[in-house]
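**Student:** sequence first, then the predicted structure:
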Amino acid sequence: MPPPLKNTPALNGISFAFTPGLYGLVGPAGSGKTTFMQILAGHVKPDGGSVLWNGKNMALQSGFAQNVGTMPHQQLMMCPAYTGFQFLSFIACRQEIPRATAVEQIYTIAEGLHLTPVLNEQIFTFNPCEKQRLLTAGALLGTPSLLLLNYPTATLALEEQAITMALLAKVAKTAIVVVSAQTPAQVEHPACQTLLLNKGTLVTKKHTTPLAPRYLHASSFAVSV
């Protein structure tokens, strides 16, 4: 008889150091992606191991959350009566981003994600792909040092997926960007390093294409669970 589910670790023996760049966290349902992302965000404390931000214990850094941008997997948090601009303004307000800065970021991010034509439309008129890109836009506000995106390309057509990944690759020049997906095709980009999870274990680490060395003065993130 197999052991009870509660005795099965969601993650086991994972050790990885993140530096600024684009990472695709790939694996089937139940592979541990959500738990891993929650640990990275500081929402879940691992039973063992360590999570370090810039060489220090993440749990002991009171301002860590200010460095993180997250995107929920579901679209339930979106008020359908809001326009896209109002939704992003609401997120910016919660993050205490100054109004002028927020407006500038909203228009810049919307342009990068091809949302400008619908930005002033009410969300209930958006199609699922536009809603997904709007959630991605919200996570990008405030220029976070650590960006954690749950399935941002899952519902997107290939062209929209390429647009989203291209923008995230630009962001990843100065930030750590981790994108979860069920297949490598959903995070396909020359700059993306793929991390394959299977049954809570990191089984493969690879780049889709070789990358030139980058010398960056930015944040680092080390995980060992």
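**Tutor:** That came through fine. Numbers count the residues shown, from 1 in each chain.

**Student:** CA only for contacts and neighbour counts going forward, please
**Tutor:** Fine.

**Student:** count of neighbours near Gln61?
**Tutor:** 11 (other C-alpha atoms under 10 Å).

**Student:** ramachandran angles for it?
**Tutor:** phi -100, psi 100 (degrees, to the nearest 10).

**Student:** distance of it relative to Leu140?
**Tutor:** To Leu140, Gln61 is 22 Å away according to C-alpha to C-alpha, to the nearest Å.

**Student:** tell me which stretches of the protein form helices.
**Tutor:** 33-41, 84-94, 99-112, 128-140, 158-171 (DSSP state H).

**Student:** flag every buried residue along the third one.
**Tutor:** What it means is helix 99-112. Ala102, Gln105, Ile106, Tyr107, Ile109, Ala110, Gly112 (16 or more other C-alpha atoms under 10 Å).

**Student:** re the thing from before, hey, which of the helices of the chain is tucked in deepest?
**Tutor:** Among the helices of the chain, helix 128-140 has the highest mean neighbour count (mean count of other C-alpha atoms under 10 Å), at a mean of 22.

**Student:** report all helices and strands that it contacts.
**Tutor:** Counting contacts by 3 or more C-alpha pairs under 8 Å, 6 or more residues apart in numbering; DSSP states H and E, helix 128-140 packs against strand 68-71, helix 84-94, helix 99-112, strand 146-150.

**Student:** could I have it exported to PDB, CA atoms only?
**Tutor:** Presented in PDB, the C-alpha positions along helix 128-140 are these (Å, rounded to 0.1, in the frame of the first residue of the first chain):
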ATOM      1  CA  PRO A 128      -9.500  35.400 -22.300                       C
ATOM      2  CA  CYS A 129      -6.200  36.200 -24.000                       C
ATOM      3  CA  GLU A 130      -6.500  39.900 -23.300                       C
ATOM      4  CA  LYS A 131      -7.400  39.200 -19.600                       C
ATOM      5  CA  GLN A 132      -4.300  37.000 -19.300                       C
ATOM      6  CA  ARG A 133      -2.100  39.700 -20.700                       C
ATOM      7  CA  LEU A 134      -3.800  42.300 -18.400                       C
ATOM      8  CA  LEU A 135      -2.800  40.100 -15.300                       C
ATOM      9  CA  THR A 136       0.700  40.000 -16.600                       C
ATOM     10  CA  ALA A 137       0.700  43.800 -16.900                       C
ATOM     11  CA  GLY A 138      -0.400  44.100 -13.300                       C
ATOM     12  CA  ALA A 139       2.500  41.900 -12.100                       C
ATOM     13  CA  LEU A 140       5.000  44.100 -14.000                       C
END
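
**Student:** understood, closing this out.
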